[in-house]
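Undergrad: How does the following fold in three dimensions:
(chains A, B, C and D)
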4 protein chains.
Amino acid sequence: MYQSLGQLKETKVFKDPVHRYIYVSDQLIWQLIGTKEFQRLRRIKQLGTSFLTFHGAEHTRFHHSLGVYEITRQLIDVFNGRADWDDQYRELTLVAALLHDVGHGPFSHAFENVFGVDHEEWTERIILGDTEIKQVLDQVGEGFAEEVASIINKTHPNQLLVTMISSQLDVDRMDYLLRDAHFAGVSYGKFDLERMLRVLRPAPNQMVVKQSGMHSIEDYIMRRYQMYWQVYLHPVTRSSDYLLKAILERAKELYTSEYAFTIDPVHLSPLFTKEMSLKNYLALDETIVYFYFQQWAEEEDTVLSDLARRFVDRKLFKYVDYPAEKRALVHEKLCTLFEKIGLDPTYYLLEDKLSRLPYDLYGDNGEISKQPIMLQMKNGQMKEISQVSPLVQAIANSRQTDEKLFFPQEILHDLREFANEKMQIDQLLLGEEI
Amino acid sequence: MYQSLGQLKETKVFKDPVHRYIYVSDQLIWQLIGTKEFQRLRRIKQLGTSFLTFHGAEHTRFHHSLGVYEITRQLIDVFNGRADWDDQYRELTLVAALLHDVGHGPFSHAFENVFGVDHEEWTERIILGDTEIKQVLDQVGEGFAEEVASIINKTHPNQLLVTMISSQLDVDRMDYLLRDAHFAGVSYGKFDLERMLRVLRPAPNQMVVKQSGMHSIEDYIMRRYQMYWQVYLHPVTRSSDYLLKAILERAKELYTSEYAFTIDPVHLSPLFTKEMSLKNYLALDETIVYFYFQQWAEEEDTVLSDLARRFVDRKLFKYVDYPAEKRALVHEKLCTLFEKIGLDPTYYLLEDKLSRLPYDLYGDNGEISKQPIMLQMKNGQMKEISQVSPLVQAIANSRQTDEKLFFPQEILHDLREFANEKMQIDQLLLGEEI
Amino acid sequence: MYQSLGQLKETKVFKDPVHRYIYVSDQLIWQLIGTKEFQRLRRIKQLGTSFLTFHGAEHTRFHHSLGVYEITRQLIDVFNGRADWDDQYRELTLVAALLHDVGHGPFSHAFENVFGVDHEEWTERIILGDTEIKQVLDQVGEGFAEEVASIINKTHPNQLLVTMISSQLDVDRMDYLLRDAHFAGVSYGKFDLERMLRVLRPAPNQMVVKQSGMHSIEDYIMRRYQMYWQVYLHPVTRSSDYLLKAILERAKELYTSEYAFTIDPVHLSPLFTKEMSLKNYLALDETIVYFYFQQWAEEEDTVLSDLARRFVDRKLFKYVDYPAEKRALVHEKLCTLFEKIGLDPTYYLLEDKLSRLPYDLYGDNGEISKQPIMLQMKNGQMKEISQVSPLVQAIANSRQTDEKLFFPQEILHDLREFANEKMQIDQLLLGEEI
Amino acid sequence: MYQSLGQLKETKVFKDPVHRYIYVSDQLIWQLIGTKEFQRLRRIKQLGTSFLTFHGAEHTRFHHSLGVYEITRQLIDVFNGRADWDDQYRELTLVAALLHDVGHGPFSHAFENVFGVDHEEWTERIILGDTEIKQVLDQVGEGFAEEVASIINKTHPNQLLVTMISSQLDVDRMDYLLRDAHFAGVSYGKFDLERMLRVLRPAPNQMVVKQSGMHSIEDYIMRRYQMYWQVYLHPVTRSSDYLLKAILERAKELYTSEYAFTIDPVHLSPLFTKEMSLKNYLALDETIVYFYFQQWAEEEDTVLSDLARRFVDRKLFKYVDYPAEKRALVHEKLCTLFEKIGLDPTYYLLEDKLSRLPYDLYGDNGEISKQPIMLQMKNGQMKEISQVSPLVQAIANSRQTDEKLFFPQEILHDLREFANEKMQIDQLLLGEEI
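TA: Presented below is the predicted three-dimensional model:
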């Protein structure tokens, strides 16, 4: 039914700092990489604002996507010839791997949070809409684009393909742990990919791990745990994320209340009004956002201009830990103090309570429904890994929390007239100075 | 005369993929890093358009500058205690290292070429002008900012300090070779920094190399040579650079001829008119340039919109080698053909002839005046390295050239009606197909 | 009271694959490295027979010892200037670090097991006996050698120094995890040493970890856990260890029963008779042991010659897992079968049951008394890490076991006449074939 | 005619620090690795005495041989499908790669030099003689062992296979540069293997390089150059090599003059008498040599015991540069002085003059006949690389020399009564102190 576009005359090679080389020999993949929708991923960083904490983390969703493709290519080489792998799905799976993130917009998490954008929905719209990607896919045959989308949105009947692209142990995570670690310059995420690929097995409804690979999986789960606490949830990154959200909230409020912006934010207004077309969405990227932030730094509205300037010049909010039991009291006193000095706590006082089961980490936040990791025992039986590994089980049953307050500490620091109020708060914070 | 700002209470640490950690313990350095002019370097890539060839090369002048600082810090640790090193210059040298690139604008080489911007001049204006950097430096004492600038512009009386920051073997190159190699994902640039630092010696008028370090320097020169040919002068990067210049040239021409842009390019017009203020210059960065390029992709002028779209979507010109002896003929025939099909050769046909002595490489293009590398022989005598190393001498006396034509090959490829003209050109190109 | 030997005129540098460079600037350290007792460590592998599993693991106790010294040197640089560090102990601690393993003999664990050799006792005898090391130490002053020994045997009054050299988180383990991982070619052991050193603090009675370093310590504990299961306890290594012990047991038995060896094992007989002098002990190393093994491969005694040949030619015993509940039965049936075919189960059938609390791993086997890892909380209080980290606590309370039988499977495989007996055993082993 | 032994049921994997993993899927290769002649390579270091200079360089010919096999396996994967590659030669070539060094004895270069042993001849005798290797090869068919040998000794009619295993750019060098660099801990030898394999092409009579790979080959040649001067020809290694040769020369002389050794050197006497059988040769390895050296350290002959003790305890001779023009004079004066103090210059004074064209390096010493590196130009023409690369040509035409005297400097240093003689020599040496 489908008609492959065939092989390239000569294999194309990308130099990649993580996988050394990325090999492309399919016409189809090569053409997809060349589309403007895929090239747009060069202007969206993989880790949002993390580069403000780890300056090396400038890498983009463009190379992450290539990396996910490359791991999938290697994985299929390992699967090929095994009973449960049907090689007619090769190109389909490679395309799904390459395109799984194509719907991401600038600073995805913040935008999703503030404007209700859903990058998975946009991935589907891009694959199925009026795009260069759709044109390339249509050459393969009718229904191909839909089938690609169905793997990414997990409705494809072949759940083995689905779990390769999206599960607790998918090609997406494998690439991002390695890539984020490399660019951030930390060693925590560097598991042994080659060994990992060798312990994976295709099974009828999902990808599984052979029993002797258990320690490799434990290692992988620990690397993830470390990357979460040491990189992804780093308090400085949380601080820059909140600042970003505060800017967007303020701009939305101003827009809604018909504030007259010096430069009309034409690229962002469809977000405010929730009337975003595909063309508009594709025109959005982080260079555009940065352009507006730099203009807003000069706006008349002092809240917007201050927040924007802080973001552009990296004058982030500082943070203090606070004791859970005194949360309400501290909050109240800080609000009072802020109002006295004319700071709106809506934008300038942010509470953040991370409380997650490490099983949440193993499952990632809100992704609890993702396919768990199954070990294939020597006798053929399948077991969920925490049933076999005391280590994973132990991790799955313990909880870690981190509670912080973020606010512009340097302003309080310079106040002289409210020394008394400050001292009271310091005492509640057990001596940490605000 | 000067008053140090003292040490930080706790050493600050940056995680760096190249040096693992960057250590800051001076108040002065810490404050400089926090200025908005220094933070702006986060929005200027170290390698301009190279990320279109090597996708990992997204790193910025921000971390390169930190890296140069860090190498200088380590170098001073090695020098400290030696006869020709005066440790009162420590902070001054560190500041010069940190700030040596602060005047770079977006895509520096293209902008310098098209608009005559000189980043060294801007570095001086930023250090001495109405900036946060100047305010920080002024705390140390009157004249300090000027002394920093004089190291960077090479007029400082202590030429040892000058050659540390700027010479054939300076901290700038040491960092960029390592950093560019790491982010591009190539191994060519990775020399042994720790050993290099151990063979360097302070001398009265310059930094020198002890005789037993000769092979290390040969290695370093070869790594540079490799980085030039394999990365910096990669034909795909040359292609994207030309495209960038073509866009800027076209926009300048349109602006000069009073073309009505859909969005007034207020950030760029001071470049067109050569009336750039310090404030305007500091407001320029690569996110701004990208914003305009994306707008221009929709402009009415078809040359501008086509070129801009090509850059944003990475539809670069292809290239062919051409035989020097037939250059004129090929060029003429291509021009004729281009005019027939309505392509303006001014923007669509670019000739590039790289012809450089490897000694140019050793010296870099146009930097022939940089201090050469001096070996300090066992008997104390100084010798220029090519006098001692047959290898360096050999390199210094051979010439390599590379001549290429860049143009939108895919347009010619699709032409049917001019088959005859194409064939004639192909024959001149010795069978390479245009 | 002591008289330092002073500094070298020029710092000596060792190129090291793990730490890149090892720096020696003290005369005392330099002279100790040059002694014949220290040079002897070049002929004793760090990981005993592990090179038969991981071929890269040929590294010796010589460079491990240098590495431990180097980490100590860096650690002291970090401690220097802090309240609880007294820099008069610098050289003493460096010497203890360098010499802590000097008493190791060939294949230490097997020899300790079979002959009751105690490497810690020999370390003390070498430091205090008639050796070049003692002569070097005596130059510093009377009692210095004794003080070095007292740090290594943990009786020194300054327990901070003791825990630096020997505790759950000591310089010894830091080097061996990194070094063993590097030479074996696995990534599991590669924690971030530079960060680790930055979170350590001197305290009155021990070395502690500052609170914010908790995740680093978790990472370190996980790396150790991985190295244990993936490298140190690898079943192939356990197999070669047992073979080694079987050879030594057989030789001891033959010697005791006055068997006439073709070549008198003069180097080993003091082990058999437990009359080992310091001179004899120092003459023992792995080249000597290998010499005898190669001679024994030609001995008349068929058990000794077969075992020795197997070791030299790496024809190791294979292994099967066996179910704990059927252990006795399997064992009995195998013994019966072995006797029928003339194999002595004493040498040819080895049971190995690893059952350890991961807390044993955290504490290592039999080292439960080692100083635990203490976190120094922000308020100054000390807490044992498993009280603070849910992860470490979880690890500390779970048990992992691994039960294997080792025997020359290929002999059973070739038997035809005992097919029935074999089948019965296979069934007990749940279908794993012997 | 030949009968392949087929594939293993499951691919076997070796963990390797250089190539990460080495994959074996052929029965034939697996069985060859298991032979005792191949396992013997574990007891012969790849770099002889270099570990006395670079302590990490303990790696053996065993893993180098596996590495050469692995590179060949990858190279054949790249060649497979190309016009000039005939895949029926796959196994033959892999076997030749694996076995190419199997004839090496302990400290090959010294033994070859002193006793006229030729490792290439022994490789052939092992492959064709009464060995386990021969038995394994015979299973493939009559004549197979001879065909393997003919590739290694370069007489095989298919010269493409020969140049893959042995030429200026062969799999042997590729592995050893990478492996020696990794274990020595230097970065000089680390070229980009994956890229190298991609620029190689099979051609009718040899392996060639495609034109666009020229810079990769330049890089490879420079790495080799660096490894020669920084590692292989390091003066400390030259010193330990000379000491080794001096011991062997002395032992040979004593044996010839019927000196009564305390322990009869049965393993070495066939070398002295040149009556070495295959069995005797295979019983020789570095553990045996070390055994005798340690015994000889206690011999009555003071020359032998002193030299042996120096080697075992690493008390090497020091060295001074000497000016070519005063060579004779210095030598004469030193000899006179040595005789006065009772040192035999035959053993205690060694002159070493390295004078090689870097083309010798490119060609290696005495290997001038090795197939040069040929570039395949775009038009199909072949050119020797130095005809195309100004860099290689430059290297090929310059000469580097290094002239050193090696002797036990510490003895002269302690002399008081010959101060005058010493001073005269110092002056001839231009002030370098003996």
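Undergrad: Going by C-alpha atoms from here, please, whenever you check contacts or count neighbours.
TA: Will do.
Undergrad: What's the end-to-end length of stretch A:53-60?
TA: From its first residue to its last, stretch A:53-60 covers 16 Å (C-alpha to C-alpha, to the nearest Å).
Undergrad: hmm, it in reach of chain B?
TA: Yes: using C-alpha under 8 Å from any C-alpha of the partner chain, stretch A:53-60 reaches chain B at A:54-56, A:58-59.
Undergrad: gap between that stretch and the chain center?
TA: Once both centres are worked out by C-alpha atoms, centre = their mean, to the nearest Å, stretch A:53-60 turns out to sit 13 Å from its chain's centre.
Undergrad: So which residues make contact with it?
TA: For stretch A:53-60, the surrounding residues in contact (C-alpha atoms under 8 Å, 6 or more residues apart in numbering or on different chains) are A:41-47, A:50-51, A:180, A:183-185, A:234, A:236-237, B:14-17, B:56, B:58-59, B:63.
Undergrad: And for stretch A:137-155?
TA: By C-alpha under 8 Å, 6+ apart, stretch A:137-155 touches A:1-5, A:28, A:92-93, A:95-96, A:100, A:120, A:124, A:127-128, A:134, A:156, A:161-162, A:165-166.
Undergrad: Next: stretch A:174-190.
TA: For stretch A:174-190, contacts defined as C-alpha under 8 Å, 6+ apart pick out A:17-18, A:47, A:51, A:54-59, A:64, A:67-68, A:71, A:191, A:193, A:223-224, A:226-227, B:15-18, B:20, B:183, C:187, C:190-192, C:219.
Undergrad: mean confidence score for it?
TA: Averaged across stretch A:174-190, the pLDDT comes to 92.
Undergrad: Please export the C-alpha coordinates of that stretch as CSV.
TA: Extracted C-alpha coordinates of stretch A:174-190, given in CSV (Å, rounded to 0.1, in the frame of the first residue of the first chain):
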residue,chain,number,x,y,z
MET,A,174,17.5,7.9,26.3
ASP,A,175,18.5,10.7,24.1
TYR,A,176,17.6,13.5,26.4
LEU,A,177,19.4,12.2,29.4
LEU,A,178,22.6,11.7,27.4
ARG,A,179,22.2,15.0,25.6
ASP,A,180,21.2,17.2,28.5
ALA,A,181,24.1,15.8,30.5
HIS,A,182,26.6,16.4,27.7
PHE,A,183,25.6,20.0,27.1
ALA,A,184,25.0,20.9,30.8
GLY,A,185,28.5,19.4,31.4
VAL,A,186,27.4,17.1,34.2
SER,A,187,28.2,13.4,34.3
TYR,A,188,25.0,12.2,36.1
GLY,A,189,23.0,11.4,33.0
LYS,A,190,25.6,9.3,31.1
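Undergrad: Nearest residue to whatever residue of the stretch 301-434 of chain A ends up closest to chain B in space, please, no chain neighbours.
TA: Of all residues in the stretch 301-434 of chain A, A:D313 sits closest to chain B, at 5.0 Å by C-alpha to the nearest C-alpha. Sequence neighbours aside, B:K36 is the residue nearest to A:D313 in space, at 5.0 Å (criterion: C-alpha to C-alpha, 6 or more residues apart in numbering or on different chains).
Undergrad: what's the pLDDT at that neighbour?
TA: pLDDT recorded at B:K36 is 97.
Undergrad: separation between it and chain C?
TA: As judged by C-alpha to the nearest C-alpha, to the nearest Å, B:K36 and chain C stand 29 Å apart.
Undergrad: Then A:D306?
TA: A:D306 sits at a distance of 31 Å from chain C (criterion: C-alpha to the nearest C-alpha).
Undergrad: So is the strand ranked longest in chain A next to chain D?
TA: As assigned by DSSP state E, the longest strand anywhere in chain A is strand A:7-16. No: Strand A:7-16 lies out of reach of chain D by C-alpha under 8 Å from any C-alpha, never closer than 9.8 Å.
Undergrad: thinking again about what came up before, can I have the buried ones of the contacts of stretch A:137-155 as a ChimeraX selection?
TA: Only the buried entries of the contacts of stretch A:137-155 go into this ChimeraX selection, using 16 or more other C-alpha atoms under 10 Å in any protein chain shown:
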select /A:28,92,93,95,96,100,120,124,127,128,134,156,161,162,165,166
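Undergrad: Could you list which of the contacts of stretch A:137-155 belong to helices?
TA: Taking DSSP state H, the ones among the contacts of stretch A:137-155 that sit in helices are A:28, A:92-93, A:95-96, A:120, A:124, A:127-128, A:134, A:161-162, A:165.
Undergrad: Cheers, nothing more for now.
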